[in-house]
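In: based on what follows, work out the 3D shape:
(chains A, B and C)
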Amino acid sequence: METLGYWIGMVGTFAFAVTAVLAVAPRGVDVFGATVLGLITAIGGGTIRDVTVQAPVFWARDLAYVWVAIGASLLAFAAHRAMSRRSIRNTLLYLDGLGAALFGVLATEMVWSLDFGRPLAPILLGVVTAIGGGLIRDVLAGRQTLLMSRELYAIPILVACTLEVVLLTYLPGLRLPGTAALVLVAFGLRAAAIRWSLAVPIWLTTHSKED
Amino acid sequence: METLGYWIGMVGTFAFAVTAVLAVAPRGVDVFGATVLGLITAIGGGTIRDVTVQAPVFWARDLAYVWVAIGASLLAFAAHRAMSRRSIRNTLLYLDGLGAALFGVLATEMVWSLDFGRPLAPILLGVVTAIGGGLIRDVLAGRQTLLMSRELYAIPILVACTLEVVLLTYLPGLRLPGTAALVLVAFGLRAAAIRWSLAVPIWLTTHSKED
Amino acid sequence: METLGYWIGMVGTFAFAVTAVLAVAPRGVDVFGATVLGLITAIGGGTIRDVTVQAPVFWARDLAYVWVAIGASLLAFAAHRAMSRRSIRNTLLYLDGLGAALFGVLATEMVWSLDFGRPLAPILLGVVTAIGGGLIRDVLAGRQTLLMSRELYAIPILVACTLEVVLLTYLPGLRLPGTAALVLVAFGLRAAAIRWSLAVPIWLTTHSKED
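Out: Prediction:
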């Protein structure tokens, strides 16, 4: 179970870095900038989490995250044209969603187990872990961040991280299967959003009336 | 006194979150993005301060800051049209100024009491606490930051934080009344800037000659 | 040797702050904004490094960095027209490159000596120390960051930081002269890039075919 989570985490790290490079490639970026942006996307969110809870940053203890992110960025840089094909890009979007789901829910579980600011902080830091790296990437690349778009990206993670806190509070005995199920819930919602191009409904945006 | 400061801090937190949501609402933002931006504006500056001085982040010990910021963001999202009316908006601007004054001066006092980088660091981190959250908000929302505008927002706080360090150095016996007075000084200057639309004089900008 | 490094560090701090202010001056910035951006550029990268490795931030222990950065920013603000002249600006570019080379390689050496995430983390944090402050400045000022440009700025530092790790791993007895030599290598590459306007070759960018 732990091992499975670890390997899914590596797949997620790979997908985060590759999708980051593909996102900035159309603007023209050199191999250095692409790799830095891929790496930041992959490990940025978890770094903010660790610095906030004052734990040692996760990638310093296990450099595999960094190697995978660098390797994935270089691969995506070299093959960005081929990887931008619809089918591959779509697969990567799903893997990116799986990574975000896993990182978010596991971060909530980790912050909870540190007894840090329960019950709200584990939820906040779960979401930050999942989307923080992408936010930094967009800011550094001069792109609009997902906070200003109606894409259904973070809300599935928010839902799952909140349910994770409910789980850990009321059903601690089900921690392991429950956490695994909630990763699937977050990923399922995200996958549905990709598959059917779901967006945040207009009445939940500030443009609900004039549009 | 402590209690009064605490409640003013909650009012400031409320105002920070509400003004943040109102600032980004015209661009079209969903309820998730609005709440994240409101929350970051309210607690971002203090978080940078705590991480820099390596103290536990303030909101993890007292989640009331987070609850108030989330509640205020949701309220502002739901009522952003009504709250954008001139009279309410103006009241919020003053409350935002009061919050910034309080957070800035109290942060200087807190960093000083940690004996961290005296005398300069308490001033720097006082200013960062007051304006840091707003800077992150503007960057994430793709807005011009206040560093690039001539609005008289941060300078009153810089003045009061500097005077706070003078107070703590030379008149430590007057710590409590002096700190309260300096919050009022920072707020008074900011209120005057709002009331009479004061800006940084042109000769204190790099466009002093050609404009 | 230590003392020489310290003084070069101060020159680098000075150059970082001055070039930052000159970079944002054409957009119109007031004395407060200019100084904040100058200061962030000078100490931002090292601050991210220290927070990441959970060491006390360097400038809190030695405020000379802060004083020099503030003084340099005010000087550059007051004299930005004179300093924008080609000859002075060029000299500052070289000093900025010297500072970046020194900060990067010394950061790698410092993180290595903390036994933090060897061998990759010392390289990453060396690069972050050298370019992190400039990235924050560009984001806060609404400028395109160097990650999105083909300027040859960070790659010389990456090369030297990587070689520094090779040096510390295989030739620890040559730490002192080797480190000094690698600062010169990073600076020499950057100086060549300034002198002959070298850019990252087009085949190392994502626009390699259509341009």
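In: where do the strands of chain A begin and end?
Out: Here chain A has no strands by DSSP state E.
In: list the buried ones in the longest helix belonging to it?
Out: The longest helix of chain A (DSSP state H) is helix A:86-113. For helix A:86-113, the neighbour count (16 or more other CB atoms under 10 Å in any protein chain shown) marks A:92-93, A:95-112 as buried. Yep, even glycine has a C-beta here, placed from its N, CA and C like the rest.
In: show me what that helix is packed up against.
Out: In terms of contacts (3 or more CB pairs under 8 Å, 6 or more residues apart in numbering or on different chains; DSSP states H and E), helix A:86-113 is packed against helix A:2-24, helix A:31-53, helix A:80-83, helix A:120-141, helix A:155-170, helix A:175-195.
In: let's go with 7 Å and repeat that
Out: Judged by 3 or more CB pairs under 7 Å, 6 or more residues apart in numbering or on different chains; DSSP states H and E, helix A:86-113 is in contact with helix A:2-24, helix A:31-53, helix A:120-141, helix A:155-170, helix A:175-195.
In: now do that helix against helix A:120-141, angle only.
Out: 140 degrees (axes from the mean of the first three to the mean of the last three CA atoms, to 10 degrees).
In: show the average pLDDT along helix A:86-113.
Out: The average pLDDT for helix A:86-113 rounds to 93.
In: can you name the residues that contact the residue lying closest to A:Ile136 once chain neighbours are set aside?
Out: Nearest residue to A:Ile136, sequence neighbours excluded (CB to CB, 6 or more residues apart in numbering or on different chains): A:Gly44, at 4.6 Å. Going by CB atoms under 7 Å, 6 or more residues apart in numbering or on different chains, A:Gly44 touches A:Gly132, A:Gly133, A:Ile136.
In: quick check: the second one vs C:Ile131, distance?
Out: In other words, A:Gly133. 18 Å (CB to CB, to the nearest Å).
In: same drill for those two, tell me which one is more crowded.
Out: Between A:Gly133 and C:Ile131, counting by other CB atoms under 10 Å in any protein chain shown, A:Gly133 is the more crowded of the two (29 against 23).
In: hang on, the more buried one packs against A:Thr41?
Out: Yes - between A:Gly133 and A:Thr41 there is a contact under CB atoms under 7 Å: 4.3 Å.
In: overlap in contacts of these two?
Out: What both A:Gly133 and A:Thr41 touch, as defined by CB under 7 Å, 6+ apart, is the set A:Phe16.
In: mind putting the contacts of A:Gly44 into TSV with pLDDT?
Out: Converted to TSV, those look like this (pLDDT from 0 to 100):
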residue	pLDDT
A:Gly132	96
A:Gly133	95
A:Ile136	96
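In: now do the buried residues in stretch A:180-190.
Out: A:Leu182, A:Val183, A:Leu184, A:Val185, A:Ala186, A:Phe187, A:Leu189, A:Arg190.
In: next to chain C, which bits of chain A? Give me the list.
Out: Residues of chain A lying close to chain C by CB under 7 Å from any CB of the partner chain are A:25, A:27-33, A:36-37, A:47, A:51, A:56-57, A:59-60, A:63, A:66, A:80, A:139-142.
In: just list the residues touching the closest residue to A:Trp112 other than its chain neighbours, thanks.
Out: If the residues on either side of it in the chain are set aside, A:Trp112 comes closest to A:Pro122, at 4.3 Å by CB to CB, 6+ apart. By CB under 7 Å, 6+ apart, A:Pro122 lies in contact with A:Thr108, A:Val111, A:Trp112, A:Val165.
In: you'd agree the first one is up against A:Ala121?
Out: No - using CB under 7 Å as the test, A:Thr108 is too far from A:Ala121 to be in contact (9.4 Å).
In: between these two, which contacts overlap?
Out: Counting by CB under 7 Å, 6+ apart, A:Thr108 and A:Ala121 have no common neighbour.
In: tell me who's in contact with A:Arg27.
Out: Neighbouring residues of A:Arg27 by CB under 7 Å, 6+ apart: A:Ala141, C:Met148.
In: and it, how far from chain B?
Out: Taking CB to the nearest CB, to the nearest Å as the measure, A:Arg27 falls 15 Å from chain B.
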